[in-house]
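>>> show me how the following folds:
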Amino acid sequence: MSENAAAQTRVRDAQVTFRHQPFLHPLRLSTGVIAEITEARASVRVSVNGREATGQGALYLSDLWAWPDPSRSHTERDAHLRALCERFAAELPALCGGEPAHPLELGLRLHESVCRMPAPADPPALARALCASPFDAALHDATGRALGVSAFALYREPVPLPTADPCFSGSDARAAIARTFRETPVTAFDAWLVVSGDGDLEAEAAPWIRERGYRAFKIKLKGRDPVEDARNTVRVFRAVREFGAAQPRLCSDANCACPDAESVRAYLECVRAEDAEAFVALEYLEQPTGRDIHAAPNDWRAATRLKPVLLDEGLTGLEVMAEALAQGWSGFALKTCKGHSLALTAAAWARERGLLLALQDLTNPGLSAIHAALFAAHVPTLNGVELNSPQFTPAANAEWLPRLRALFAPTDGIHRLSAASPPGLGTEW
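Model (predicted):
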């Protein structure tokens with residue numbers, strides 16, 4: 001059966017379950033601290049030209065990241081997100097359009113449906129996309145398993161993608177996505193460690209460098225004072241070199257706390273003035289300013305002449321991409337937890353315009369980490385992929401050990417896949 005049979009994918013039904021996952025160490029964002037979280041696991045049954053299969057998808061309901069509303073407690077936000085997942089499971093065939101289509105088209109229809117629908121407490125688009133993403137992953141996994149191919153092999157033959165096609169010259173999203181994929185998927189990525197710019201680096205970073213060979217570091221910054229953030233960036237760079245990381249790689253993340261693009265430019269100038277080698281090691285910045293780039297636009301050209309600045313939380317739909325290009329963002333920091341279909345479409349759109357890509361996993365473990373690793377295997381990114389569940393929730397990866405130890409418990413600073421193109425999204429591993 002050819003891969004274009006995927007255009008006949010019909011969603012039959014879906015289910016979702018939840019697991020409580022405590023963090024081994026708190027994860028500190030500019031909006032607060034994550035000490036525990038809910039993992040949502042979705043299963044979706046599809047039929048593809050008479051063949052049936054069930055796929056899996058999972059993610060953390062990271063409410064503090066996706067819905068940082070200080071008027072609501074973590075418990076309240078978590079309950080609303082669980083309820084959304086349950087609603088999506090009950091209504092999934094209708095939310096995907098109620099008719100057969102390619103899984104990417106189904107996933108984009110799902111994204112548009114959930115962002116429009118009325119919901120109690122009116123969670124923002126990012127939180128809605130978060131809750132829909134395990135179902136998007138599961139239907140891609142199911143389609144690949146029904147056809148006996150990787151979910152990344154579903155773009156080899158012409159297929160209409162009506163929601164994505166208008167975004168591309170020639171109205172052919174399928175071809176643009178196919179051009180985005182590597183000719184030969186990669187199977188090894190640098191392991192990234194999250195560190196606090198003002199934290200106890202001897203405790204946070206030294207063991208990972210000395211015992212596990214880590215050399216890539218994502219620095220969490222406060223975003224309030226460019227001079228302070230610059231000094232903390234240099235502090236991390238010098239410390240990790242002292243601990244044994246000979247040529248460290250850095251990126252920085254202020255989690256949208258910086259006031260404007262000018263403060264970001266000032267931060268970069270301060271880093272360069274403080275330590276030229278640290279400036280060279282700093283590869284890119286994840287979205288430093290507010291999430292709504294329509295409501296609070298910035299001109300990024302002065303900052304991006306110094307370093308790439310990537311849109312992350314603000315990328316919540318296809319309609320945002322053109323505005324990001326107009327404002328001078330360097331590219332996108334993708335997350336599969338916003339939806340496999342949105343991530344693939346955005347990646348192809350960005351690559352056609354010479355924009356840069358990075359990939360983060362939002363600390364997701366297990367199935368979702370496998371999904372993110374496979375995405376990075378096929379789609380070229382600056383950083384490979386950031387997989388930090390080994391740092392914060394290692395117990396959540398236990399059921400994949402020891403068979404995927406090279407992915408989930410690296411000892412040489414490298415995450416490794418045993419194969420780059422398993423059926424579906426690798427959930428049978």
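
>>> export the biggest strand by length in the chain as PDB, just CAs?
In the chain, taking DSSP state E as the definition, the longest strand is strand 9-29. Provided in PDB are the C-alpha atoms of strand 9-29 (Å, rounded to 0.1, in the frame of the first residue of the first chain):
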ATOM      1  CA  THR A   9      -7.100   8.200   7.300                       C
ATOM      2  CA  ARG A  10     -10.300   8.300   9.300                       C
ATOM      3  CA  VAL A  11     -10.400   8.900  13.100                       C
ATOM      4  CA  ARG A  12     -12.500   6.300  14.800                       C
ATOM      5  CA  ASP A  13     -12.200   7.000  18.500                       C
ATOM      6  CA  ALA A  14      -9.800   8.100  21.200                       C
ATOM      7  CA  GLN A  15      -9.100   7.800  24.900                       C
ATOM      8  CA  VAL A  16      -6.900   9.600  27.400                       C
ATOM      9  CA  THR A  17      -5.400   8.700  30.700                       C
ATOM     10  CA  PHE A  18      -3.400  10.700  33.300                       C
ATOM     11  CA  ARG A  19      -0.400  10.100  35.500                       C
ATOM     12  CA  HIS A  20       1.000  12.200  38.200                       C
ATOM     13  CA  GLN A  21       4.800  12.900  37.800                       C
ATOM     14  CA  PRO A  22       6.800  14.600  40.500                       C
ATOM     15  CA  PHE A  23       9.900  16.500  39.600                       C
ATOM     16  CA  LEU A  24      13.200  15.300  41.000                       C
ATOM     17  CA  HIS A  25      14.400  18.900  41.100                       C
ATOM     18  CA  PRO A  26      12.100  22.000  40.700                       C
ATOM     19  CA  LEU A  27      12.200  23.700  37.200                       C
ATOM     20  CA  ARG A  28      12.200  27.400  37.600                       C
ATOM     21  CA  LEU A  29      10.600  29.600  35.000                       C
END
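
>>> give the other helices and strands that that strand contacts.
Strand 9-29 sits against strand 32-48, helix 74-95, helix 103-116, helix 125-147, helix 389-392, with contacts defined as 3 or more C-beta pairs under 8 Å, 6 or more residues apart in numbering; DSSP states H and E. Every C-beta, even on glycine, is put in place using the N, C-alpha and C of the backbone.

>>> tell me where the stretch 201-350 of the chain has strands.
Applying DSSP state E, counting those that start in this stretch to the stretch 201-350 of the chain gives strands spanning 216-220, 249-253, 282-286, 309-311, 331-335.

>>> tabulate those strands (TSV), appending mean neighbour count.
As requested, these are exported to TSV (neighbours: other C-beta atoms under 10 Å):
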stretch	mean neighbour count
strand 216-220	23
strand 249-253	24
strand 282-286	22
strand 309-311	28
strand 331-335	27
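
>>> dump those strands to TSV, plus mean pLDDT and distance to residue 355.
Below are the strands of the stretch 201-350 of the chain laid out as TSV (pLDDT from 0 to 100; distance: least, C-beta to C-beta, whole Å):
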stretch	mean pLDDT	distance to residue 355
strand 216-220	97	20
strand 249-253	98	16
strand 282-286	98	12
strand 309-311	98	9
strand 331-335	98	4
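
>>> dump those strands to CSV, plus distance to residue 125.
As requested, the strands of the stretch 201-350 of the chain are exported to CSV (distance: least, C-beta to C-beta, whole Å):
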stretch, distance to residue 125
strand 216-220, 24
strand 249-253, 20
strand 282-286, 18
strand 309-311, 14
strand 331-335, 14
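
>>> re earlier: of the helices and strands packed on strand 9-29, which is nearest residue 207?
Each of these has some distance to residue 207 by C-beta to C-beta; the shortest is helix 389-392, at 10.6 Å.

>>> and the helix or strand following the closest one, what's buried?
On the C-terminal side of helix 389-392, the closest following helix or strand by DSSP states H and E is helix 405-408. Buried positions in helix 405-408, judged by neighbour count with 16 or more other C-beta atoms under 10 Å: 406-408.

>>> what's the answer for stretch 344-355, then?
Those would be 344-351, 355, for stretch 344-355 by 16+ other C-beta under 10 Å.

>>> swap in stretch 203-213?
In stretch 203-213, counting by 16+ other C-beta under 10 Å, buried: 204-206, 208-209, 212-213.
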